[in-house]
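Visitor: I need the structure of the sequence given here:
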Amino acid sequence: MNNNNFNNNNGNFSNRRRPRKRICPFCAKGIEQVDYKDVETLKKHINSTCKIMPSRITKTCAKHQRRVANAIKRARIVALLPFVVE
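Guide: Sure, this is the predicted structure:
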């Protein structure tokens, strides 16, 4: 008995979907550094409860996700972004 989920058509892998290549919005625009003073960009990366959204939702690469997280934390300390929702 074959338990392989992908092997349904006598060895053909035609039913298997290929994932789309996601493009980081920062890499697409050529942005290297994420500015903590750019509040509008940072607001796109926090949800309604002011938590930092994961990269699988925002489609950012690992390098820019780390830089966005640090920029959000800096903006919170300087009081440009809230820590919690009121």
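
Visitor: show me what the longest helix seen in the chain is packed up against.
Guide: Secondary structure of the chain read by DSSP state H shows that its longest helix is helix 62-77. Helix 62-77 sits against helix 25-29, helix 39-43, helix 55-58, with contacts defined as 3 or more CB pairs under 8 Å, 6 or more residues apart in numbering; DSSP states H and E. For every residue, glycine as well, the C-beta is placed using N, CA and C.

Visitor: of all those helices, which lies closest to R66?
Guide: Nearest to R66, of all the helices and strands packed on helix 62-77, is helix 55-58, at 9.3 Å by CB to CB.

Visitor: now for the most centrally placed residue in the chain: which residues touch it?
Guide: For the chain, the residue nearest the mean C-alpha position is S55 (2.1 Å; CA atoms, centre = their mean). For S55, the contact set (CB atoms under 8 Å, 6 or more residues apart in numbering) comprises C61, A62, Q65.

Visitor: kindly reformat the residues you listed as CSV containing pLDDT, distance to L42 and neighbour count.
Guide: Shown next, in CSV, are those (pLDDT from 0 to 100; distance: CB to CB, whole Å; neighbours: other CB atoms under 10 Å):
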residue, pLDDT, distance to L42, neighbour count
C61, 94, 17, 15
A62, 94, 18, 9
Q65, 96, 12, 21
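
Visitor: that concludes my questions; thank you for your assistance.
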